[in-house]
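**Student:** please find the sequence and the predicted model below.
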Amino acid sequence: MLRPYREEDREDVLRIWLEASLQAHSFAGAGHWQAELKNMREVYLPLCDAILVWTDGEDGTPRGFLAFVGDYLAALFVEPGFQGRGIGSRLMRVALRMHPGLTLSVYRENTRAVGFYRRHGLEVLEERVERATGLAEYVMGRSGSSAPLTAP
């Protein structure tokens, strides 16, 4: 079930973000993601305009989430043990309905996510180097979307 984020979801959302980031972005090193947890808690989540949480129908535990800053899809993460069940696709369809002109950033090396976004109709609009990690990333969106010059 999809519902708006509540403050009591924060630790579950942070856990999902960290577990999924460690799995999908091992090329950036575990230390980077563990160090970013504080920023995620204190800066990035509060900065978001909208956060939606996908919950487990059995007990209401968050299993995935998406977050926006304007039309920028700042986060779309699914708990690793729940990936492959269509949750990410459901979240992506909701994201595209909410913000048809959305853009997002994804590491070039995260080929699984790049393929996922391509399957949902996005294309690479720009390639750049992320300042925090020095890694190449793509800005993706639908053709005709205006890519942000820097990620929020």
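**Tutor:** Cool, got the structure.

**Student:** distance from the chain centre to the host helix or strand of residue 39, please.
**Tutor:** Per DSSP states H and E, residue 39 falls inside helix 30-39. Computed by C-alpha atoms, centre = their mean, to the nearest Å, the separation of helix 30-39 from the middle of its chain amounts to 15 Å.

**Student:** and that helix, what other elements does it pack with?
**Tutor:** helix 10-24 (3 or more C-beta pairs under 8 Å, 6 or more residues apart in numbering; DSSP states H and E). C-beta: built from backbone N, CA, C; applies to glycine.

**Student:** quick check: next helix or strand after the host helix or strand of residue 94?
**Tutor:** If you go by DSSP H and E, residue 94 is part of helix 87-98. Remark: after helix 87-98, the chain's next helix or strand is strand 103-107, criterion DSSP H and E.

**Student:** who touches the very next helix or strand once past that following strand?
**Tutor:** Per DSSP H and E, strand 103-107 leads on to helix 111-119 as the next helix or strand towards the C-terminus. Applying C-beta atoms under 8 Å, 6 or more residues apart in numbering, the contact partners of helix 111-119 are 24, 88, 92, 104, 106, 107, 108, 124, 138, 140.

**Student:** how about the CA coordinates for helix 111-119, as PDB?
**Tutor:** C-alpha atoms of helix 111-119 as PDB (Å, rounded to 0.1, in the frame of the first residue of the first chain):
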ATOM      1  CA  THR A 111      23.500  -0.700 -14.800                       C
ATOM      2  CA  ARG A 112      20.500  -2.400 -13.200                       C
ATOM      3  CA  ALA A 113      18.900   0.900 -12.200                       C
ATOM      4  CA  VAL A 114      19.800   2.500 -15.600                       C
ATOM      5  CA  GLY A 115      18.000  -0.400 -17.300                       C
ATOM      6  CA  PHE A 116      15.000  -0.100 -14.900                       C
ATOM      7  CA  TYR A 117      14.600   3.600 -15.700                       C
ATOM      8  CA  ARG A 118      15.000   3.000 -19.500                       C
ATOM      9  CA  ARG A 119      12.200   0.300 -19.300                       C
END
